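**Q** A predicted structure for the sequence below; I have some questions about it.
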Amino acid sequence: MSAVIEERRGRVALLRLNNPPVNGLGWPVREGLDAAVGRLSDDPDVDAIVLTGNGRMFCAGADIREFGTATPEHVRRLTPILDDLEGLDKPVVAAIHGVAAGGGMELALGCHYRVCGPKTKLGLPEVTLGILPGAGGTQRMPRVAGVSKALELIVSGRLISEKEAFEAGIVDELVEGDVEAVIDAAVAAAERLAAAGEPPRRSGQRTDRLHEAKDNPGLFDAFRESMAKRARGMNAPYACVRCVEAATRLDLAEGLAFERQEFEQLVNAVEAQSMRHAFFAEREVAKIPDVPKDTATRPIQTAGIVGCGTMGGGIAMVFANAGIPVMVVENDQAALDAGIAKIAKNYAATVSKGRLTQAAMDQRMGLITGTTDFLSLAATDMVVEAVFEDMAVKKELFAKLDGICKPGAILATNTSTLDVDEIATATKRPQDVIGTHFFSPANVMRLMENVRGAKTADDVIATVMGLSKTLGKVGVLVGVCHGFVGNRMLHQYLREAMFLVEEGALPQDIDRVMYDFGMPMGPFAMCDLAGNDVGWRVRQEQIRAQGGKPSNTRYSGTVADKICDLGRFGQKTGKGWFAYADGRTPQPDPEVEAIIVQTSKELGIARRAVSDDEILERCLYPLVNEGAKILDEGIALRASDIDVVWMHGYGFPRFRGGPMFWADTVGLKTIAATLQRFEKDQGPWMAPSPLLLKLAEEGKGFGDA
Ligand code: 3H9
């Protein structure tokens, strides 16, 4: 079937884009559209045109898979096709439903009038792919929505509701009802406009909304300043601003040429490649090769959470936010009351920031019930355990849940390190046991590591992966090992950061390098945020388990232990690796520097200047190396799944595509050789993994593994 289907509604031609699943503007669609515009412009039986999308949406933009591939020579780019469309003397009306994004939004802006149905998302998200709206979006959006609104939309890449689009003047008419109702309204509008006989209103010719920039010449500089933190390390957001700026001083044709030039510079750069990788990685992650897509799932209409500490309370909020009633169980009433009060306090803080209404908070709190009676979990569809991280405690609890929960209930553990298979042995139903590792704060962080045990049933995996989406999370299926994917790799990163401090760097040096690389914060600010006491207890426990002796490999906790001995647990105590005079902003602290220098002396390490390059390589190459081991062991299904874990669990910059993709852009040969050098200088823990070595020797990347 053709990629653009034509129908007639009286003297109105109705064009339906037909390229499932999202009507991407690949070359067959562009070819069809181009031909239709040419044909209809001269058709004496056609007074007006309505443009819509077949299936569940109007159009999600360019076909992302086409970037970097060749297009047949006779197929034109979208921009000149839109110029022709906009230039038609017959009215062209867009009938928008579902989604109008990127090139889809640009297509709608090229029409003369826009009708939009309910529950529609509209916007220009190109910047999230490391590019800019390259088919006139940067020129037409400011002319239609005003300069400030266009800047905000294009630089954030945010998709907005039809109501917001209407208020901004992007949509002309809102329609209730289904797609056919939207098309009927668009046809009626097209007939009305044709009958009026006035020249079409062309977005590209409008100038009324551009005055804003003339009235406020500092607008663009102020905007660049406001986005500097978010956009650090990236080119696309700045190119977007330059293009919108160009729209205010150039005519449409010149502005489009400028936009084209900027687009060309971005589209094949590493930034765009990384972000395209991120886009597809986030979709690939949901696919589990041995769990078919159509596996029947178990209904999760109610959930129970055991433990109402920071994690348990956060997880309870996640379920309530998704509209799922949740029963929170604690051992004693005082702990339960404190936990529920904390949840209410968290919601109230969101209400006071204006991000949640009081009514929504009340509704969510209404979904959360507290109890100290474990028997209340008897009828629940799923239980998530979030109790103390101790195997004996967890096993005792799972044995108890086994006796209480109904057959078929999913029994999940939020453990961040422990063996899910061993936990499952405490029950007579290991097939129903799975790990759901939420990241703190659970109601904010998007990652869920879903840990598959040796006996976890396929339908339990399918249910929990689907549930992640329902909860607004990104679920990544991982296997059983200490620390799973994220924390196992994090361990490497933190260890090297600690060693670098002993050798000559200061926490602020390391944090600066990692922040400039694009991480939301450096490793030391991160430890201070999470609480240094957590790792301290783990280290003390390990040393106790080893009979009071540190292991025979180099110990990375010497400075950290001293920091904790002083009660410097991080932000919550006002001091940690840094001082926090205002409670939030890390400031280098001479007391910590003195401890560090003294420790180096005690360890017999002559402090030296550590370069920024060494900081980056020492922190990130071992992390990547651990990722290679994880991949080799089958703990992660794909290298891109590891990237998703790091982007959503630790804020690894999306414009670098995650650690494994980033490693491919650096080159595995370089990484392997550097690790071999570190192995000689530092110790055997730096040795490149067999998979990394093999790929490096074959000249391949993790993308080929
Ligand atoms: C652009 O337009 C540049 C222009 O300025 C022109 C310059 C000249 N292309 O997300 P889903 C696939 S750049 C190709 O699960 P949802 C997706 O991979 C583009 N494929 O559905 C998945 O495939 P699979 C700007 C695409 O309902 C399937 O469709 N536009 C594209 O949760 C379903 O996707 C954007 O950035 C595409 N454009 O969400 C919008 N879009 O089944 C990108 C999706 O094999 N798209 N696929 O895994 C989205 O944000 C979401 O897909 C959308 C639907 C909100 C539309």
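**A** Sure, I can see it.

**Q** sketch out the low-pLDDT regions of the stretch 551-700 of the chain for me.
**A** Applying pLDDT under 70 to the stretch 551-700 of the chain flags the ranges 551-552.

**Q** closest residue of it to the ligand?
**A** Using C-beta to the nearest ligand atom, the closest approach of the stretch 551-700 of the chain to the ligand is made by Ser640 at 12.2 Å. Placement of C-beta: from N, CA and C, glycine included.

**Q** number of residues surrounding that residue?
**A** As a burial measure, Ser640 scores 24 neighbours (other C-beta atoms under 10 Å).

**Q** can you map out the helices along the stretch 51-200 of the chain?
**A** Using DSSP state H, counting those that start in this stretch, the helices found in the stretch 51-200 of the chain span residues 78-87, 103-110, 137-145, 147-156, 162-167, 179-196.

**Q** can you point out the buried residues in the first one?
**A** Taking 16 or more other C-beta atoms under 10 Å as the neighbour-count basis, helix 78-87 is seen to contain the buried residues 78-79, 81-83, 85-86.

**Q** please list which of these also come close to the ligand.
**A** Restricting the buried residues of helix 78-87 to those touching the ligand (C-beta under 6 Å from any ligand atom) yields Leu78.

**Q** what is the nearest of the buried residues of helix 78-87 to the ligand?
**A** Using C-beta to the nearest ligand atom, the shortest approach to the ligand within those belongs to Leu78, at 5.1 Å.

**Q** do you know how far that closest one is from Ser41?
**A** Distance, Leu78 to Ser41, by C-beta to C-beta, to the nearest Å: 18 Å.

**Q** mind listing what Ile671 touches?
**A** Contacts for Ile671 (C-beta atoms under 8 Å, 6 or more residues apart in numbering) come out as 621, 624-625, 663, 688, 692, 696.

**Q** switch these over to TSV; also include neighbour count, secondary structure and distance to the ligand.
**A** Shown next, in TSV, are the contacts of Ile671 (neighbours: other C-beta atoms under 10 Å; DSSP: H, G, I helix; E, B strand; the rest coil; distance: C-beta to the nearest ligand atom, whole Å):
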residue	neighbour count	secondary structure	distance to the ligand
Tyr621	25	helix	31
Val624	26	helix	26
Asn625	25	helix	30
Ala663	28	helix	23
Pro688	24	coil	33
Leu692	27	helix	28
Ala696	21	helix	30
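
**Q** how about the residues of the stretch 101-250 of the chain by the ligand?
**A** Checking the stretch 101-250 of the chain against the ligand by C-beta under 6 Å from any ligand atom, the hits are 101-103, 106, 125-126, 129, 133-135, 137.

**Q** kindly apply the preceding question to the chain instead.
**A** Proximity of the chain to the ligand, by C-beta under 6 Å from any ligand atom, involves residues 21-22, 24, 60-65, 78, 99, 101-103, 106, 125-126, 129, 133-135, 137, 283.

**Q** drop anything exposed from those.
**A** Buried, going by 16+ other C-beta under 10 Å: 22, 24, 60-64, 78, 99, 101-103, 106, 125-126, 129, 133-135, 137, out of the residues of the chain next to the ligand.

**Q** helices and strands around the helix or strand harbouring Thr436, which ones?
**A** Assessed by DSSP states H and E, Thr436 sits inside strand 433-438. Contacts defined by 3 or more C-beta pairs under 8 Å, 6 or more residues apart in numbering; DSSP states H and E place strand 433-438 against helix 310-321, strand 410-413, helix 420-424, strand 447-451, helix 458-470.

**Q** Tyr493 is nearest to which of those?
**A** Comparison of the helices and strands packed on strand 433-438 against Tyr493 by C-beta to C-beta identifies strand 447-451 as nearest, at 16.1 Å.

**Q** next, count neighbours for the residue nearest to Pro684 when sequence neighbours are not counted.
**A** Counting by C-beta to C-beta, 6 or more residues apart in numbering, Pro684 lies nearest to Thr553, which is 7.9 Å off, once chain neighbours are set aside. The tally of other residues near Thr553 (other C-beta under 10 Å) stands at 10.

**Q** and Met327, by the same measure?
**A** Considering only other C-beta under 10 Å, Met327 is surrounded by 22 other residues.

**Q** name the SS class of it, please.
**A** Secondary structure for Met327, judged by DSSP: H, G, I helix; E, B strand; the rest coil, is strand.

**Q** thought the residue of the stretch 551-700 of the chain closest to the ligand was touching Arg276?
**A** No. The pair Ser640 and Arg276 fails to qualify as a contact (C-beta atoms under 8 Å) at a distance of 11.5 Å.

**Q** now do the buried residues in the worst-scoring helix or strand of the chain on mean pLDDT.
**A** When the helices and strands of the chain are compared on mean pLDDT, DSSP states H and E, helix 532-545 comes out lowest with a mean of 85. Across helix 532-545, burial judged by 16+ other C-beta under 10 Å covers 532-533, 535-536, 539, 543.

**Q** farthest-separated two in the residues you listed?
**A** Asn532 and Ile543 (16.3 Å).

**Q** picking that back up, wait, what's in contact with the residue nearest to Pro684?
**A** Per C-beta under 8 Å, 6+ apart, neighbours of Thr553: 683-685.

**Q** helix, strand or coil for it?
**A** coil.

**Q** any idea how far Gln542 lies from Trp536?
**A** On the measure of C-beta to C-beta, Gln542 and Trp536 end up 11 Å apart.

**Q** walk me through the domains of this protein.
**A** In terms of domains, the chain is parsed into 4-267, 303-478, 505-602, 612-704 (source: automatic domain parsing).

**Q** those domains: lowest mean pLDDT?
**A** Here the lowest mean pLDDT among those goes to domain 505-602, at a mean of 92.

**Q** returning to what we had before: as a markdown table, the buried residues of helix 532-545 with distance to Val644 would be great.
**A** Listed next are these as a markdown table, based on distance: C-beta to C-beta, whole Å:
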| residue | distance to Val644 |
| --- | --- |
| Asn532 | 28 |
| Asp533 | 30 |
| Gly535 | 25 |
| Trp536 | 30 |
| Arg539 | 29 |
| Ile543 | 34 |
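
**Q** which of these lies closest to the ligand?
**A** Gly535 (37.2 Å).

**Q** about what we covered before: and the helices of the stretch 51-200 of the chain as TSV, adding distance to Gly339?
**A** Below are these laid out as TSV (distance: least, C-beta to C-beta, whole Å):
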stretch	distance to Gly339
helix 78-87	54
helix 103-110	44
helix 137-145	45
helix 147-156	35
helix 162-167	37
helix 179-196	46
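
**Q** what sits against Ile5?
**A** Contacts of Ile5 (C-beta under 8 Å, 6+ apart): 15-16, 18, 54.

**Q** could you check how far Gly117 is from Ile461?
**A** Taking C-beta to C-beta, one finds Gly117 at 36 Å from Ile461.

**Q** compare these two and say which is more crowded by neighbours.
**A** Gly117 (24 against 21).

**Q** the more buried one reaches Val175, doesn't it?
**A** Yes. Counting by C-beta under 8 Å, Gly117 does reach Val175; the two are 5.5 Å apart.

**Q** what's the overlap in contacts for the two?
**A** 181-182.

**Q** contact partners for whatever residue of the stretch 351-500 of the chain ends up closest to the ligand?
**A** Per C-beta to the nearest ligand atom, the residue of the stretch 351-500 of the chain with the smallest distance to the ligand is Lys469, at 8.5 Å. By C-beta under 8 Å, 6+ apart, the contact list for Lys469 reads 286, 475.

**Q** please apply the same query to His211.
**A** Counting by C-beta under 8 Å, 6+ apart, His211 has no contacts.

**Q** can we start the residue count at 652 from this point?
**A** Sounds good: first residue 652 from here, last item His862.

**Q** that one is in what secondary structure piece?
**A** Counting by DSSP H and E, His862 is part of helix 862-866.

**Q** next SSE downstream of that helix?
**A** Using DSSP H and E, the helix or strand that follows helix 862-866 in sequence is helix 870-878.

**Q** now what about that next one, what contacts it?
**A** When contacts are defined by C-beta under 8 Å, 6+ apart, helix 870-878 is touched by residues 798-799, 802, 806, 863-864, 888-889, 892, 895-896.
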